[in-house]
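Student: pasting a predicted model and its sequence here:
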Amino acid sequence: MAKAMFGAGCFWGIEETFRKVPGVLDVAVGYSGGNTDNPTYEEVCSGTTGHAEVVEIDFDEKKVSFDNLLSVFWDCHDPTQLNYQGPDIGTQYRTAIFFMDEAQQTIATSSKTDEQKSGKYARDIVTEISPAKTFWRAEEYHQQYIAKNRNRFGRLFG
């Protein structure tokens, strides 16, 4: 089993997206990249902790590669938007890849370069690529939020 950690705006939608990827064993939502231990949702939303809303993904490398997960990451948000996605604004919604080791760093950097050269984007990709810091699991009511509230989000996430 391997781990990956991504920030791509509000963690609810990206959690739902990655749960559908074959080879992904588990996805948890939480916070990383900041300077406060065990932050709460309210603290992260205040913008004072430096954390991003992230997903931590456990995956089977025999069934899905880190590169494949990066493809999902690029497709599930707009990596050219600095500190916002859709209606969500603030540094906690930044686009970020938090790598677990040098291999992931190399793959992420190459993938970002390839995405920029692809011609898909009118603006520069602003995705941060940084070493993973402590993953702080978000409060339980945030875990699988869309699945728990399917009646509210059904049309958006099927």
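Tutor: Cool, got the structure.
Student: could you pull out the helices in this protein for me?
Tutor: For the chain, the helices defined by DSSP state H cover 11-19, 41-45, 66-75, 102-117, 145-148, 150-157.
Student: and the spatially closest residue to Asp124 that is not a sequence neighbour, how many neighbours?
Tutor: Spatial nearest neighbour of Asp124, excluding adjacent residues (C-beta to C-beta, 6 or more residues apart in numbering): Thr80 at 6.4 Å. Placement of C-beta: from N, CA and C, glycine included. Neighbourhood size, Thr80 [other C-beta atoms under 10 Å]: 16.
Student: for Thr80, phi and psi?
Tutor: Phi and psi for Thr80, reported as degrees, to the nearest 10, are phi -100, psi 0.
Student: most tightly packed of the helices of the chain?
Tutor: Sort the helices of the chain by mean neighbour count, taking mean count of other C-beta atoms under 10 Å, and helix 11-19 sits at the top with a mean of 22.
Student: that one packs against which elements?
Tutor: In terms of contacts (3 or more C-beta pairs under 8 Å, 6 or more residues apart in numbering; DSSP states H and E), helix 11-19 is packed against strand 2-8, strand 24-32, strand 52-59, helix 66-75, helix 145-148, helix 150-157.
Student: tell me the confidence at Asn149?
Tutor: The per-residue pLDDT reported for Asn149 equals 85.
Student: do Phe157 as well
Tutor: Note on Phe157: pLDDT of 52.
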